[in-house]
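Colleague: sequence plus predicted model, see below.
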Protein chains: 2
Amino acid sequence: MRIALDAMGTDRRPLSDVAGGVLAANEFGDTIVLVGDQARIEAELKNHEISAGYVEILHAPAEIAMDAKPTEVLKAAPNSSIHVALNAVKTGEVDAFVTMGNTGAVHAIATLKTLRRIPGVKRPGLSALFPVNNHRMIFLDVGANTDVKPEWVQQFALMGSIYAQLVLNCPQPRIALLSNGAEATKGNLLIREAADMLRRSKMNFVGNVEPVQLMSSVADVIVMDGFVGNIVLKMFEATAHYVATLIRQEFRNDAFSMVGGALAKPAFNRIRRQVDTSEIGGAPLLGVNGVVIIGHGQNSAIGIKNAIKQARKAVQENVIGAIRSGIKQESQ
Amino acid sequence: MRIALDAMGTDRRPLSDVAGGVLAANEFGDTIVLVGDQARIEAELKNHEISAGYVEILHAPAEIAMDAKPTEVLKAAPNSSIHVALNAVKTGEVDAFVTMGNTGAVHAIATLKTLRRIPGVKRPGLSALFPVNNHRMIFLDVGANTDVKPEWVQQFALMGSIYAQLVLNCPQPRIALLSNGAEATKGNLLIREAADMLRRSKMNFVGNVEPVQLMSSVADVIVMDGFVGNIVLKMFEATAHYVATLIRQEFRNDAFSMVGGALAKPAFNRIRRQVDTSEIGGAPLLGVNGVVIIGHGQNSAIGIKNAIKQARKAVQENVIGAIRSGIKQESQ
């Protein structure tokens, strides 16, 4: 298998990216195609040993800033690592693309310039894997679409369900809608209409869930509009970080607690890993004609390797083919 | 001053409610009018001593279940504690109403049956006081309106700002819109339109904020639609509780951590109080013709007393008059 990895994705580009690519090549024996500035990648590769698999370079001179707006990105010359890599997926030169880069740019270039939508898909959805109690739920949309129609939500449910089944080892994914209450009478207009559609569909819809239920793995695929999804993910991260900071402050203020805090340090480190969404590596952009996994710019080499692992599985299980037939069946 | 307190509000009705009312009477020297089943209130009052102020009973035989739907509540006979108390505010028999009861019922009965809207108010907004770093931000709407128009959001900002200034000791409240990113280009259609309106208004609008900024007190009044507001509050509570549970589990799994955990217990208790939104007691329903403070059903007597303290200040500072003139000026 050949997987393109954005060498210019992380905040520590190309260091973490190249390290993650080499780790994946050595562990999986695949060909990792590092996409980015050839000279910088070659220089960085000198620090690594490739013991299994292959590492190639695909030159892409331009860089996309993490804060570049999708509109700017679309106007820019098509020689950024993201653009070049997505074109390589399109031509079949590689089987998948993994990046820790600018999410909005990947979404815009994939949807509007390169891979484009799978026939029948109204809007591709950006997903995130939400980690609680060692269970990974797939959330979508978490940011690609801020103003959403019920039929798009229904497709998010379908695509998320296929991904959970084929890649996340979840034989019969339970689909839920995120709402402000579990009762069917709650929700805004979008949620009530989407719930009606999901209830009438053949999908395994288990109803609406509210935030507290997200913490107890009541479902496997959680669908919502991208505005709410993005805020909910960010609220989880911000609150977890805030509570951790409060705990550290408390420990500094209190002599007994200070001792306790020092002893408890390993436990806190384990917790930080459990609530850290970036440990998972990445999550798919679903609905485009190719496997695309997007992760956080702060990912380490291990996170990147985990993202590549997901991409491999998505290719092996032919997720794109399954979504294509799923959407086709739905529209019949 | 005469303040009506729902005696049938908390999950431990009428115990906590009566205890909170007596605490407030003794501390503030006001008249607390306990509204609910006379016999049950009288029986409970025998456990208390009234050393200052006055406690009266206003009989209301019917109870509203915590899970009763607003539509059921509106059809029910108007002799519930909520209905009787709101009528007493309307007739001027009491100056304000404080309840730990069913929020949807209070909102429906206040808006549609008793107090009704202040002239010019499009939709009353339900608020919550969000506690971070010993700073209280007022959030609204957090659940009264799930499908919202930009001009309603603008009124939420105005009403929240008046309340923050007069009751929360915040001389020049900074208003922010909750969005999925701080940049003006982010947000859904509602947020972008509401931001335009707020920027053109005379209000102290400081821009859009995303969840991480909520943790650092960047603003005093945070406005949003009630669907998002309700989910964000619930996400905060659920995540804080989840992280606390993870910590307890970690401490049980690890001998060193177990010692640390025992020593650190007082610190954890202080943290729990800091992230517990119910410690604050309650928050106002803004936009109706009367002071109404609604709190969580799990409130203790101290939380209830704090809610009454807010109601007193809102009456003293004539919040309703200020909103009335604010809305009038706005429409000129």
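Modeller: Thanks, I have it. Since this is a predicted model, take the numbers as computed values, not measurements. Numbers count the residues shown, from 1 in each chain, chains lettered A, B, ... in the order given.

Colleague: any idea of the pLDDT on A:F227?
Modeller: Each residue has a pLDDT score; the one for A:F227 is 97.

Colleague: secondary structure element for it?
Modeller: Per DSSP states H and E, A:F227 falls inside helix A:226-253.

Colleague: likewise for A:I222?
Modeller: Counting by DSSP H and E, A:I222 is found in strand A:221-223.

Colleague: and that strand, what's its mean pLDDT?
Modeller: Mean predicted lDDT for strand A:221-223 stands at 98.

Colleague: what's it packed up against?
Modeller: Contacts defined by 3 or more Cβ pairs under 8 Å, 6 or more residues apart in numbering or on different chains; DSSP states H and E place strand A:221-223 against strand A:135-140, helix A:150-166, strand A:175-178. C-beta coordinates here come from the backbone N, C-alpha and C atoms, glycine included.

Colleague: tell me which of those sits nearest to chain B.
Modeller: With Cβ to the nearest Cβ as the measure, strand A:175-178 is the member of the helices and strands packed on strand A:221-223 nearest chain B (7.1 Å).

Colleague: immediately after the closest one, which helix or strand?
Modeller: helix A:189-200.

Colleague: could you figure out how far that next one is turned away from helix A:150-166?
Modeller: Orientation check (axes from the mean of the first three to the mean of the last three Cα atoms, to 10 degrees): helix A:189-200 against helix A:150-166 gives 50 degrees.

Colleague: near chain B, anything from helix A:189-200?
Modeller: Yes. Applying Cβ under 8 Å from any Cβ of the partner chain, one finds helix A:189-200 in contact with chain B at A:189, A:191.

Colleague: and that helix, which residues are buried?
Modeller: By neighbour count on 16 or more other Cβ atoms under 10 Å in any protein chain shown, the buried set for helix A:189-200 is A:190-195, A:198.

Colleague: name the residues of stretch A:40-47 that come out as buried.
Modeller: Quick answer for stretch A:40-47 (16+ other Cβ under 10 Å): A:40-41, A:44-45.

Colleague: equivalent analysis for stretch A:218-231, please.
Modeller: Across stretch A:218-231, burial judged by 16+ other Cβ under 10 Å covers A:218-231.

Colleague: in chain A, which helix or strand is least confident?
Modeller: Least confident helix or strand of chain A, by mean pLDDT, DSSP states H and E, is helix A:255-263 with a mean of 61.

Colleague: relative to helix A:226-253, how tilted is whichever helix or strand comes after that one?
Modeller: Once the chain leaves helix A:255-263, the next helix or strand it forms, by DSSP H and E, is helix A:265-275. Helix A:265-275 runs at 170 degrees relative to helix A:226-253, counting by the same axes, to 10 degrees.

Colleague: quick check: next helix or strand after helix A:265-275?
Modeller: Using DSSP H and E, the helix or strand that follows helix A:265-275 towards the C-terminus is strand A:283-286.

Colleague: who are the packing partners of that following strand?
Modeller: Against strand A:283-286 (3+ Cβ pairs under 8 Å, 6+ apart) you get strand A:125-132, helix A:150-166, strand A:291-294, helix A:301-316.

Colleague: who does that strand pair up with?
Modeller: When pairing is defined by DSSP bridges, strand A:283-286 lines up against strand A:125-132 (antiparallel), strand A:291-294 (antiparallel).

Colleague: just these: most buried one?
Modeller: Each of these was assessed for mean neighbour count using mean count of other Cβ atoms under 10 Å in any protein chain shown. The highest is strand A:291-294, with a mean of 28.

Colleague: A:N299: what secondary structure?
Modeller: Here A:N299 takes the coil state, with states given by DSSP: H, G, I helix; E, B strand; the rest coil.

Colleague: including distance to chain B, could the buried residues of stretch A:40-47 go into a markdown table?
Modeller: Putting the buried residues of stretch A:40-47 into a markdown table (distance: Cβ to the nearest Cβ, whole Å) gives the following:
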| residue | distance to chain B |
| --- | --- |
| A:R40 | 29 |
| A:I41 | 31 |
| A:E44 | 31 |
| A:L45 | 35 |
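
Colleague: now these in CSV, with secondary structure and pLDDT?
Modeller: What follows is the buried residues of stretch A:40-47, written out as CSV (DSSP: H, G, I helix; E, B strand; the rest coil; pLDDT from 0 to 100):
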residue, secondary structure, pLDDT
A:R40, helix, 97
A:I41, helix, 98
A:E44, helix, 97
A:L45, helix, 97
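
Colleague: so for chain A, the centremost residue is which one?
Modeller: A:A283 (2.0 Å; Cα atoms, centre = their mean).

Colleague: need the contact list for that residue.
Modeller: A:A283 is in contact with A:126-129, A:138, A:293-295, A:310, counting by Cβ atoms under 8 Å, 6 or more residues apart in numbering or on different chains.
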